[in-house]
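>>> structure of the sequence below:
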Amino acid sequence: MSSILERSFKVLEHLAAHPEGKALSALASAMDMPLSATHRLLSELIRCGYVRQDQSHGDYMLTIKMVSLGLGFLSASGIVDIAQPLLDRLAIDSGELVRLGVVDGDALTFVAKAQGATRGLRYDPDMGLSVNLSCSSAGHAWLSTMSDERALALVSAQGFGKPEDFGPRAPTSVKALLAHIEATRERGFSMIVEVFAPAMTAMAAPIRNGAGTVVGVVTIAGPMVRLTEERMFALGPALLATTEQLALSSGASALLSRRVA
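Next up, the predicted model:
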């Protein structure tokens, strides 16, 4: 049976995916918990300031305390001050969405972004979520820096993404994924076409700190009508230059300079 702490985090994660709020019964059902236990847990989270109950319809939702903790951590780490100007410049040069993902244990999470598209279709998925490794340019870039055995172990633990949930070309087998990883190693950066989402393309390159540890990735993503394969190859040098600059300045950020196991 899961601990109270584990159940608390699961409730917080579930509510984070439902900013409109959830009714007690719906939340209990989603968490597979008794109504009484769910109510007690929510009462404690309300007392601690992480959850509130809407007075009009009674649904439960997160407060901004969780957001404040995350933003405070990123601010204290120095990563935003270092990365944002570089991300902004790459976004302007590419005219597309540029994001920074940070390695945290066995996960990769986007923590900063810059939007280069000033008109037309703007590609801008949710931030702060763990990246699907098998179906993303960021995942492929990170996996390419480790052994095939380690890469497959991480993907196996997370699970392959399904084409119906991502893009029609999402790899669903070890052979297909390894082909993406090997191509990424040869180029120095990943390239995907309709892998993460239909009609979307993306590319990414890893960031290594002074000790040679991969601490994150930088990605460029956009609609395939604009961000073509030819365009991605042309942007390769600018992407790699950005990751190199982040690597050189990573010592000023506690988040980027740390050694990751």
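>>> helices along the stretch 51-200 of the chain, start to end?
For the stretch 51-200 of the chain, the helices defined by DSSP state H, counting those that start in this stretch occupy 65-77, 79-94, 137-143, 148-158, 174-187.
>>> what's the most buried one of the ones you listed?
helix 137-143 (a mean of 29; mean count of other CB atoms under 10 Å). To be clear about C-beta, it is placed using only N, CA and C from the backbone, and glycine gets the same treatment.
>>> quick check: Q115 touching A91?
Yes - the pair Q115 / A91 is scored as a contact, 6.1 Å apart, by CB atoms under 8 Å.
>>> distance between stretch 26-37 and the chain's centre?
Stretch 26-37 has its C-alpha centroid displaced from the chain centroid by 28 Å (CA atoms, centre = their mean, to the nearest Å).
>>> those strands in the stretch 151-261 of the chain, which residues are they?
For the stretch 151-261 of the chain, applying DSSP state E, counting those that start in this stretch gives strands covering 190-193, 200-208, 214-223.
>>> what's the angle from the longest helix along the chain to helix 174-187?
In the chain, taking DSSP state H as the definition, the longest helix is helix 229-248. Interaxial angle, helix 229-248 versus helix 174-187 (axes from the mean of the first three to the mean of the last three CA atoms, to 10 degrees): 70 degrees.
>>> can you give me the angle helix 229-248 makes with strand 214-223?
Going by the same axes, to 10 degrees, helix 229-248 is angled at 150 degrees with respect to strand 214-223.
>>> going forward can the numbers begin at 58, since that is how I track them
In the new count, where the first residue is 58, that last one comes out as helix 286-305.
>>> show me the contact partners of helix 286-305.
139-140, 143-144, 146-147, 150-151, 157, 244-246, 248, 250, 258, 260-267, 273-275, 277, 313 (CB atoms under 8 Å, 6 or more residues apart in numbering).
>>> quick revisit: can you redo the strands of the stretch 208-318 of the chain as TSV with mean neighbour count and mean pLDDT?
Below are the strands of the stretch 208-318 of the chain laid out as TSV (neighbours: other CB atoms under 10 Å; pLDDT from 0 to 100):
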stretch	mean neighbour count	mean pLDDT
strand 247-250	24	98
strand 257-265	25	96
strand 271-280	26	94
